[in-house]
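Asker: Have a look; sequence and predicted model below, questions after that.
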Amino acid sequence: MKSFIENLRSKPYHTRVRILWGTTVAIGLILIVIWIVSLKTTIRNSTGGPVVPSGNSQNASIPTDQFLKIERVEKTTNNLKIYFNLNNGTDDILNVSKIEDITLEVSEGSFHPTTILDRQGQPFVQKVLSKTQVFGIAMFTTTVDESAEIIFDNLFLEKNPLQTFKQKLEMDFSKLNQTSNVRS
């Protein structure tokens with residue numbers, strides 16, 4: 001190898017430039033041939049279906065997962081705080097109900113929350129990522145009833161935005177009025 005390099009160095013400049021360009025063109029042609037053969041193999045082995053599934057299939061069913069869980073309720077003279085969590089165990093993004101799509105049904109009538117916050121006092125999220133759990137507080141005007149039903153309507157998964165669903169939970173305030181255990 002040393003003698004080959006010494007032999008190249010001893011040649012005139014224009015000869016070395018020709019050898020350089022000839023080598024570059026030869027290597028380029030080899031790479032193009034490898035790419036074409038690889039592309040032909042990829043096309044031949046292709047099934048013709050989409051590489052990434054679209055998720056907009058018509059036969060996708062409404063999720064049967066229970067995303068919503070009520071943890072506890074705080075009732076004061078002025079307001080009612082419902083502590084809840086949304087657990088998205090799917091492989092899709094869950095779009096959360098807007099404030100006007102959340103309803104608390106009691107014997108007095110139906111109410112929408114005045115605000116929905118996360119546990120740090122920030123506005124609640126609009127989307128729950130896959131395999132994620134988020135915690136929130138829905139604040140309503142107070143009620144004298146000891147039981148209610150909360151409905152989160154117009155929930156949907158990102159891959160099927162036209163297929164909305166709702167989650168309903170019955171609540172007994174006397175059972176949900178206990179303070180939560182502090183986690184260490």
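Answerer: Arrived safely, thanks for sending.

Asker: Leaving out sequence neighbours, find the closest residue to residue 67.
Answerer: residue 86 (5.2 Å; Cβ to Cβ, 6 or more residues apart in numbering). Backbone N, C-alpha and C define where each C-beta goes, glycine included.

Asker: what's the spacing between that neighbour and residue 122?
Answerer: Applying Cβ to Cβ, to the nearest Å, the value for residue 86 to residue 122 is 15 Å.

Asker: If you count surrounding residues, which of these two has more?
Answerer: Between residue 86 and residue 122, counted using other Cβ atoms under 10 Å, residue 86 has the larger neighbour count: 21 against 9.

Asker: Touching, the more buried one and residue 68? I think so.
Answerer: Yes: contact between residue 86 and residue 68 holds when scored by Cβ atoms under 8 Å: they sit 5.9 Å apart.

Asker: For burial, what's the neighbour tally of residue 111?
Answerer: The tally of other residues near residue 111 (other Cβ under 10 Å) stands at 18.

Asker: Now it, what are its backbone angles?
Answerer: phi -130, psi 150 (degrees, to the nearest 10).

Asker: While we're on it, how confident is the model there?
Answerer: Predicted confidence (pLDDT) for residue 111: 88.

Asker: can I assume it is in contact with residue 99?
Answerer: No: counting by Cβ under 8 Å, residue 111 sits too far from residue 99 to count as a contact (11.4 Å).

Asker: need the helices for this structure, in chain order.
Answerer: Remark: helices assigned in the chain by DSSP state H are 2-10, 13-45.

Asker: Residue 115 against residue 139, yeah?
Answerer: Yes: contact criterion Cβ under 8 Å: residue 115 and residue 139 qualify, at 5.0 Å.

Asker: How are the strands of this structure distributed by residue range?
Answerer: 68-75, 79-88, 94-95, 102-106, 109-111, 115-118, 127-128, 132-141, 147-157, 165-172 (DSSP state E).

Asker: if we can go back for a sec, the helices of the chain: which one's closest to residue 148?
Answerer: helix 13-45 (57.8 Å; Cβ to Cβ).

Asker: Between helix 2-10 and that closest one, find me the angle.
Answerer: 120 degrees (axes from the mean of the first three to the mean of the last three Cα atoms, to 10 degrees).

Asker: Which residues in helix 13-45 does the neighbour count mark as buried?
Answerer: Across helix 13-45, burial judged by 16 or more other Cβ atoms under 10 Å covers no residue at all.

Asker: again, but for stretch 111-127
Answerer: 111, 113, 116, 124, 125.

Asker: now stretch 99-111
Answerer: 102, 103, 104, 106, 111.

Asker: End to end on it, go ahead and measure it.
Answerer: 11 Å (Cα to Cα, to the nearest Å).
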